[in-house]
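# Next comes the sequence, and after it the predicted model I'd like to discuss.
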Amino acid sequence: MTNKLRFSLIAAAVMMSSSAMSALPQGYPADYQKIVDAATKEGKVVVYSTTDTKAAGPLIQGFEAAYPGIKVEYNDMNSTELYNRYISEQAAGGTSGDVVWSSSMDTALKLATDYAQEYKSPEQGQLPKWAVWKDKAYGTTYEPVVFIYNKRLIPAGDVPDSHAALAKLIASQTDKFRKKVTTYDIEKSGLGFMLSVQDFKADPNYFKTLADVAKGGLAVQSSTGTMMERVSSGENLIGFNILGSYAEARAKTDPSLGISYPKDYTLVLSRVSFISQESKNSNAARLWLDYVLSEKGQSILANQADIPSIRNDIEGKNDIDGMTKMLGNALKPIPVDETLLEYLQQKKRLAYIKEWRAAAQK
């Protein structure tokens, strides 16, 4: 090998090394480069998620641009499908997701309890304390739960601004709202069940409120997209327990869809993510989780995917600070902790569904 060729190869290696090093976020530990190198050898990360592929697209593109040697294999499922698939794969000992990222906070934490590996993200200090569970499960978003309504068919003066106002509106016009009110089917949607339980914890009169809301009959669904579509078309008139992030994104191009943030209390959901203990690509999984939590990743979520950031240092209004300025004390973040697991106990879950069904079918 000539000296000239040897010098060229060394120079290329140095350039590649410094290029990779310069890609590291500011403030990360020096040995983080080892994770990057190992992740690049793995070459991919498998993500099991309830976040729509379309919404996650900009985040995936940003990650693959930051780490060009790593591909994201993204699997978009509803919350119940994700839970059942992941459990089955873990029991079988086969290939499964490296990362779980779910809007169904309770079932995600249940999975994390049994299957998450411990990993302290360098981004942890930028998150609220309630969003981190045992260095294993992380809340990644800050999403108010809202009402939606058809702007063509619901007069502005009738738009409810609280759960009590929603119940009063429907109970006073049962003929108009018969089978025209939509929400999650809590037996088919893990997210729907979790939000219903959180309503119950926030509102001492929850089942009475639900009974009034259901006086005209509920049209239950298993996805936010279906509910928004039906309200927009006029097939349904109003919906509750809708993810505000998806509603806001749709409302930008859909003049029929209105959004109301309840002022009595507004639940705030945070999509829970963890790295699988048996991850085949655990280094790439760490990079992905850190990227999702980073200022860059959170900025993409907030400003390109319309999903509010769990940080308070993101440009624009779509983060904790922006939501707090808009809704103040009405905000009720759902903490990532063991309280989520209470109603997943089989006996308690079945009793709750029975009580919910009795109120919802009156």
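In hand now; what should we look at? Residues are numbered from 1 along each chain as shown.

# what stretches of the protein score poorly on pLDDT?
For the chain, the stretches with pLDDT under 70 are 1-23, 362.

# Tell me where it has strands.
44-49, 71-76, 99-102, 132-133, 137-139, 143-150, 181-184, 218-221, 238-243, 257-260, 266-269, 272-275, 331-333 (DSSP state E).

# what lines up beside the fifth one in the sheet?
The reference is to strand 137-139. Each strand that pairs with strand 137-139, with its direction, by DSSP bridges: strand 132-133 (antiparallel), strand 272-275 (antiparallel).

# between those, which gets nearest to Q90?
Closest to Q90 of those is strand 272-275 (CB to CB; 12.7 Å). Backbone N, C-alpha and C define where each C-beta goes, glycine included.

# sorry, back to before: just the strands of the chain: most buried one?
strand 272-275 (a mean of 28; mean count of other CB atoms under 10 Å).

# who's in contact with W356?
I186, S196, F207, L210 (CB atoms under 8 Å, 6 or more residues apart in numbering).

# A55 versus the residue most central in space within the chain, what's the distance?
Geometric centre of the chain, nearest residue: R271, 3.0 Å, by CA atoms, centre = their mean. Relative to A55, R271 is positioned 11 Å away (CB to CB, to the nearest Å).

# Same question for G139.
17 Å.

# Kindly report the same for Q198.
According to CB to CB, Q198 and A55 sit 22 Å apart.

# quick one, which of the two is more surrounded?
Taking other CB atoms under 10 Å, Q198 and A55 do not tie; Q198 has more neighbours (24 against 18).

# so the more buried one makes contact with T266?
No - Q198 lies out of contact with T266 (CB atoms under 8 Å); the separation is 11.0 Å.

# between those two, what contacts are shared?
K332.

# residue contacts, the residue nearest to the centre of the chain?
So R271 contacts T50, T51, W101, S102, S103, M105, A108, G139, T140, T141, E143 (CB under 8 Å, 6+ apart).

# do E64 as well
Applying CB under 8 Å, 6+ apart, the residues near E64 are I70, K71, V72.

# And M77, by the same measure?
Per CB under 8 Å, 6+ apart, neighbours of M77: Y48, S49, T50, R85.

# Check T253 too.
Neighbours of T253 in contact, by CB under 8 Å, 6+ apart: none.

# Do I have it right that S256 meets S232?
Yes - applying CB under 8 Å as the test, S256 and S232 come out as touching, 4.7 Å apart.

# When those two are compared, which one has more neighbours?
Set S256 next to S232 and count neighbours by other CB under 10 Å: S232 wins out with 20 against 16.

# and the gap between the more buried one and K179?
Taken as CB to CB, the span from S232 to K179 is 17 Å.

# now the helices: where do they sit in this protein?
3-22, 32-42, 53-66, 79-92, 105-115, 163-172, 190-202, 206-213, 224-233, 244-251, 282-293, 295-303, 320-327, 346-360 (DSSP state H).

# Single out the most deeply packed of those helices.
Most buried among the helices of the chain, counting by mean count of other CB under 10 Å: helix 282-293, with a mean of 24.

# hmm, back to that, got the contacts of M77 as CSV, with distance to G190 columns?
Below are those laid out as CSV (distance: CB to CB, whole Å):
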residue, distance to G190
Y48, 13
S49, 13
T50, 9
R85, 12
